[in-house]
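In: Sequence first, then the predicted structure:
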Amino acid sequence: MYPESLKRLIETFKYLPGIGEKTAERFAFSIFDLDDDQVELFKDSLQDVKSKIHKCKRCNVLTENDLCSICTDSFRNNKILCVVEDVKSVFLFEKLGMFNGKYHVLDGLISPLDGINPEDIGINKLVDRIKDENYEEIIFAFKPSIEGETTSLYIKRVLDGLNIRFTRLASGLPIGADMEYVDSLTLERAINDRKEVS
């Protein structure tokens with residue numbers, strides 16, 4: 001029922017995660033409310049993201065340069081490295097503004113059941129970097145899961161013998177959680193990572 005170009009635009013919006021038919025239609029019709037300059041900016045922004053952005057050659061964070069702004073920031077703590085499973089995690093930490101060390105982004109987590117092995121997620125690049133750059137602490141900032149635990153233990157084992165402190169993010173019960181809905185892994189972590197009441 002739609003003209004061909006409008007139908008194609010609706011289908012294109014549906015490529016985005018979480019966008020169904022109704023939302024895609026709403027987005028497509030909203031384009032009619034934009035002036036020509038805004039449409040041009042929208043088009044140019046999409047093309048720029050695809051053509052200019054790539055991974056930092058040191059840490060894999062998205063950048064338009066050889067090295068990202070985090071790797072080139074001389075005010076950051078060069079002794080602490082936070083290892084994450086995807087680039088979105090870096091931007092989340094940076095928005096919070098609570099971490100001043102460096103990052104390294106893996107290409108996911110080890111998952112033998114899914115056929116994802118250490119060489120598939122770029123662990124060799126991480127290990128070489130850690131050996132070259134003399135870190136004192138490595139923080140594993142993975143989701144609390146079997147895959148996250150497997151990846152952490154594998155990296156720690158490969159680097160065994162180096163004088164490095166390995167830590168992971170604290171995890172446990174979220175504030176306000178109803179105990180009957182807490183999964184067993186979260187509950188186990190909460191028990192193991194318990195803190196003294198002061």
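Out: That came through fine. None of the values given here were measured: they were computed from a predicted structure. Numbering: from 1, shown residues only.
In: Identify the residues contacting Asn65.
Out: Cys56 (C-beta atoms under 8 Å, 6 or more residues apart in numbering). Glycine gets a C-beta too; all of them are placed from N, C-alpha and C.
In: And it, how far from Gln38?
Out: To Gln38, Asn65 is 28 Å away according to C-beta to C-beta, to the nearest Å.
In: give me the element the closest residue to Cys71 other than its chain neighbours is part of.
Out: Spatial nearest neighbour of Cys71, chain neighbours left out: Arg58 (4.9 Å); criterion: C-beta to C-beta, 6 or more residues apart in numbering. Using DSSP states H and E, Arg58 sits within no helix or strand.
In: Now the terminal residues of stretch 156-166, how far apart.
Out: Using C-alpha to C-alpha, to the nearest Å, the end-to-end distance of stretch 156-166 comes to 7 Å.
In: before we move on, back to that, could you check how far the residue nearest to Cys71 is from Asp120?
Out: On the measure of C-beta to C-beta, Arg58 and Asp120 end up 20 Å apart.
In: Just want to know which of the two has more residues nearby.
Out: Arg58 (19 against 15; other C-beta atoms under 10 Å).
In: wouldn't that one be in contact with Leu67 here?
Out: Yes - with contact defined as C-beta atoms under 8 Å, Arg58 reaches Leu67; the gap is 5.8 Å.
In: for the residue nearest to Thr150 when sequence neighbours are not counted, what are its contacts?
Out: Nearest residue to Thr150 in three dimensions, chain neighbours excluded: Ile110, at 4.9 Å (C-beta to C-beta, 6+ apart). For Ile110, the contact set (C-beta under 8 Å, 6+ apart) comprises 116-118, 121, 147, 150-151, 154.
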